[in-house]
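Visitor: return a 3D structure for these sequence lines:
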Amino acid sequence: MTPLDQAIAGLRFDPVLPLWLLAGLGLVCVLALGVAVWRRARGVVWRGLAFGVLLLWLAGPRLVEETRQTRPDIALLVIDDTASMQIGDRARIAAAAREALAAQGIGDVELRSIIVPEGETGGTRLFGAIDKALADIPRARLSAIIAVTDGQVHDVPASLPAPLHVLIPARGEETDRRVRIVSAPSYGVVGRKVELRAAIDDLGMANPSGGARLTVRRDGEAPETVAVPIGREMPISVPIPRAGPIVVELSAEALPGEASQLNNRAVVTINGVRDRLRVLLVSGEPHVGERTWRRLLKADPAVDLVHFTILRPPEKDDGTPINELSLIAFPVRELFQVKLHDFDLIIMDRFSNKGLLPPQYLRNIAEYVRGGGALLMSAGGEFAGSLSLAQTPLGAVLPARPAGGGSGVAEGAFRPEVARLGLRHPVTADLPGWRADAPADWGQWYRTTLSGAVRGDVLMTGLDNRPLLVVERVGEGRAALLLSDQIWLWSRGHDSGGPQAELLRRVAHWLMKEPELDEERLTASIAQGRLAIQRRSLGDDAAEVTVTDPDGGTTRLTLVPQQPGLAVASLPAARPGVWQVGDGTRSAFAAAGAANPQELEDLRATAEKLGPLARASGGSVHWLVPGGGVSGGLGGMPAVRRTDPGREASGASWIGLPRRGDHVVTGVAALPLLPPGLALPLILGLMVLAWRKEGA
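Guide: All right, here's what the predicted structure looks like:
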């Protein structure tokens, strides 16, 4: 487009005196003439002409000729490229509309294009992008704004500086069904139920009514289907069977003719947490390491600790009546029969079979473990003697038995080490201070209890590479055996100490079936648009998993070993919904929320939001549909016209670009109409005529 040069002539004034002074002088002249008229003096006309010429000369009249260069108008073309525009043929229609506008050749209008990309979480910020583009466009040159969008805009302003023409890639107003989460708890207590509230909305319908089927799935379990009234909140009860994240997916049946089923489902992640843990700690006798257990358990505010220390064993009975003793009698029946199953963990610390626990109560503890309970035994010399609990019904659930042949306790300095299997087990893997290529930076112990038959997994070794920490799954429960009573040395910082708090915490959490410490575990999580997979196993690291996306498509993925017992992999997971990962034995689920949830709340193509603004600005709304033929033309594509200011800027089949007429002045020529050489003789001549007339 070539700018046009125009010559414009006009009359201008360049006063010699300030305007206020010139106005005052004019007032004096008017008063003088008024007095002369009142007195009917001769020569008033000539005097008035003299005053007029004087004032006109002082006003500086000039004939000015400007040479102007007309600047082309600018039309802004805005292409919406957000997530909702990827539905169906919208993106293709928008690209075709852009090509059609460029092909029309809009004469002396400069067409500037911008693309509105996907935002973060605030929906489609169409006018935010327009404001940035307008910062480089003079308002005097802005002819119109043409927006190709589905109408789902979340920053609609009150007004615009130019007509807005909206081109919507659809046949007309659409309908859409969505699942809306009204409220959902972020966590729930294990063993209880939580309630979330959801609703199904039918958008774009005048009077939505009736109901729809809502399917609820929890971590891949069998789905449950309930009938939900349209537009009404529905409470949904979700049980929390275990600790850790629980993925709940809600999906509604499709609405006939709706724009998209992408928002027909919603995903909620509820984190299962345990209530206050009840731990029973029974110390068979007072000893220096007893405080280690107590400090560790009391430091956790989520633990309710019940601790008993046997201070007066039966063999020390001197016949003193019980009501005269200051000690509390050991509540054997209450602890090991009535309230046994109220405890999440039982710790037996240097406890020996001295007749305090009859065989029936020991069998109760064994059945408690088999039924899903947790038992941790810290063994000293009593474990190898004739009063060892391994010789009782409790021995059936212990992961190791004491050594036979008279051997019991071994004395000698040693540093605990992680066994080969322990390098892969989450209880002992990556313990602070452990190094696979060098001795651990841990303090020494000096006594260990010798074991014989070992049924469980040896995670740590002690003196002469003998088992030190052994764990085992027993039925539905778990048991652990620490074959030394000197872990307290680490807590005292002896010989640089060691990770006693972390080790005991991991052992206790493994016993109580915390998911993050399972030795055979498959997990999946989604962060920043990527699915991260972790597989922990005591077997081989090499494995393949099958990833199922929210639409049912599958992908085979090979895991990469990261360390002994741990293999990982990742892949993009931008599509919202539930992703499932399986290795043939275990399954894991991860919830992917929408990257821009506000963008997917309403997926209709609609003029509800932009129509009022377009009409108020003098613009229009047009619906675009794919045309027929191989060329793939557009139906409903409006023609583009140039319109004069004050005229209509749109019609049923066309959009108008008003002419703004902006220009720049390239040259100015000025000619004084009353130069001093002409003005002064004229004024003097008129004054002489006025004087002679008055004197006649």
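
Visitor: could you use CA atoms for every contact and neighbour count after this?
Guide: OK.

Visitor: what mean pLDDT does the helix or strand encompassing residue 131 have?
Guide: Residue 131 is located in helix 126-134, with elements delineated by DSSP states H and E. The predicted model assigns helix 126-134 a mean pLDDT of 93.

Visitor: could you list the residues in contact with that helix?
Guide: 78, 80, 114, 116, 153-157 (C-alpha atoms under 8 Å, 6 or more residues apart in numbering).

Visitor: can you put these in a markdown table and add distance to residue 397 and secondary structure?
Guide: Formatted as a markdown table, the contacts of helix 126-134 follow (distance: C-alpha to C-alpha, whole Å; DSSP: H, G, I helix; E, B strand; the rest coil):
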| residue | distance to residue 397 | secondary structure |
| --- | --- | --- |
| 78 | 72 | strand |
| 80 | 66 | strand |
| 114 | 72 | strand |
| 116 | 66 | strand |
| 153 | 65 | coil |
| 154 | 63 | coil |
| 155 | 66 | coil |
| 156 | 69 | coil |
| 157 | 72 | coil |
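
Visitor: buried ones among the residues you listed?
Guide: The neighbour-count criterion (16 or more other C-alpha atoms under 10 Å) marks 78, 80, 116, 153-154, 156 among those as buried.

Visitor: buried residues, whichever strand or helix holds residue 94. List them.
Guide: Secondary structure assigned from DSSP H and E places residue 94 in helix 90-104. Neighbour-count burial for helix 90-104, with 16+ other C-alpha under 10 Å as criterion, is recorded at 90-94, 96-98, 100-101.

Visitor: what do you get for stretch 478-498?
Guide: Of all the residues in stretch 478-498, those buried under the rule 16+ other C-alpha under 10 Å are 478-491, 497-498.

Visitor: okay, and which of the residues you listed map to helices?
Guide: 488-491 (DSSP state H).

Visitor: which of the contacts of helix 126-134 sits closest to residue 192?
Guide: residue 154 (39.8 Å; C-alpha to C-alpha).

Visitor: for stretch 673-693, list the C-alpha coordinates in PDB.
Guide: The C-alpha atoms that make up stretch 673-693 are tabulated as PDB, following Å, rounded to 0.1, in the frame of the first residue of the first chain:
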ATOM      1  CA  LEU A 673      -2.700  38.000   3.900                       C
ATOM      2  CA  LEU A 674      -2.000  41.400   5.500                       C
ATOM      3  CA  PRO A 675       1.700  42.100   5.500                       C
ATOM      4  CA  PRO A 676       2.900  45.200   7.400                       C
ATOM      5  CA  GLY A 677       3.800  47.000   4.200                       C
ATOM      6  CA  LEU A 678       0.200  46.900   3.100                       C
ATOM      7  CA  ALA A 679      -1.500  47.100   6.500                       C
ATOM      8  CA  LEU A 680       0.200  50.300   7.800                       C
ATOM      9  CA  PRO A 681      -0.600  52.500   4.800                       C
ATOM     10  CA  LEU A 682      -4.100  51.200   4.700                       C
ATOM     11  CA  ILE A 683      -4.600  52.000   8.400                       C
ATOM     12  CA  LEU A 684      -3.100  55.500   8.100                       C
ATOM     13  CA  GLY A 685      -5.200  56.200   4.900                       C
ATOM     14  CA  LEU A 686      -8.500  55.200   6.700                       C
ATOM     15  CA  MET A 687      -7.500  57.300   9.700                       C
ATOM     16  CA  VAL A 688      -6.900  60.400   7.500                       C
ATOM     17  CA  LEU A 689     -10.300  59.800   5.800                       C
ATOM     18  CA  ALA A 690     -12.000  59.500   9.100                       C
ATOM     19  CA  TRP A 691     -10.300  62.800  10.400                       C
ATOM     20  CA  ARG A 692     -11.300  64.800   7.300                       C
ATOM     21  CA  LYS A 693     -14.800  63.500   7.400                       C
END
